[in-house]
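Chemist: no FASTA, just this:
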């Protein structure tokens, strides 16, 4: 009438026996615990990735921790900025944000965009969402030599 699961002689789960085929039996508390562990692992990984940016990132993290923002959410958004703009760009934004106590991914993104605009650089568009543009999924682009483009910028004698 009951199924008990042991690990190293320690009871880790106990459920009523179910005679139905292929019916999953789970204790809601166990599912919650697993999800919490996954969330903690994900948060720890996001923190490690962020701290790998350098010593300024640690100071920024301390400031970010003092805000009412969700630390986990902000770190994931900042790490996404690294994916789009690169470590150097994000670290430079962190250095610029620290003196003003501008803590948050939106502040960093704004600084990055201002820096790119000031330098006259094109802002990256980021990855294309194939659900929005299915016509681009199988798109093939012919690879060309960079020298071919030099001809377009050379001044021509008339």
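Modeler: Noted; the coordinates are in hand. Values in this document were obtained by computation on a predicted structure and should not be read as measured data.

Chemist: so how many other residues sit close to residue 82?
Modeler: By the criterion of other Cβ atoms under 10 Å, residue 82 has 18 neighbours. In short, each C-beta sits where N, CA and C put it, glycine included.

Chemist: what about residue 131, is that helix, strand or coil?
Modeler: coil (DSSP: H, G, I helix; E, B strand; the rest coil).

Chemist: now residue 14
Modeler: Residue 14 ends up strand, using three-state DSSP.

Chemist: Wait, it touches residue 2, no?
Modeler: Yes. In this structure residue 14 lies within contact range of residue 2 using Cβ atoms under 8 Å: 6.4 Å.

Chemist: Between those two, which is the more surrounded one?
Modeler: residue 14 (11 against 7).

Chemist: just for this protein, where's the confidence low?
Modeler: Within the chain, the segments meeting pLDDT under 70 span 30, 125-130, 155-158.

Chemist: Mind naming the longest helix for it?
Modeler: Longest helix of the chain, by residue count under DSSP state H: helix 28-51.

Chemist: Tell me the buried residues in the following helix or strand past it?
Modeler: Counting by DSSP states H and E, the next helix or strand C-terminal to helix 28-51 is helix 55-65. In terms of neighbour count (16 or more other Cβ atoms under 10 Å), helix 55-65 has its buried residues at 57, 60, 61, 64.

Chemist: Now for residue 54: which residues touch it?
Modeler: Going by Cβ atoms under 8 Å, 6 or more residues apart in numbering, residue 54 touches residue 91.

Chemist: That one and residue 104: what is the separation?
Modeler: Applying Cβ to Cβ, to the nearest Å, the value for residue 54 to residue 104 is 19 Å.

Chemist: now residue 63
Modeler: In this view, residue 63 and residue 104 are 10 Å apart by Cβ to Cβ.

Chemist: One more: residue 131?
Modeler: 28 Å.

Chemist: Among these two, which residue is more densely surrounded?
Modeler: When neighbours are counted by other Cβ under 10 Å, residue 131 and residue 104 differ, and residue 104 comes out ahead with 18 against 7.

Chemist: Need phi/psi at that one.
Modeler: Phi and psi for residue 104, reported as degrees, to the nearest 10, are phi 150, psi 150.

Chemist: mind listing what it touches?
Modeler: With contact set as Cβ under 8 Å, 6+ apart, residue 104 has these partners: 64, 67, 69, 74.

Chemist: Could you identify which of those residues has the most neighbours?
Modeler: The residue in the contacts of residue 104 with the most neighbours, by other Cβ under 10 Å, is residue 74 (21 neighbours).

Chemist: Many thanks, have a good one.
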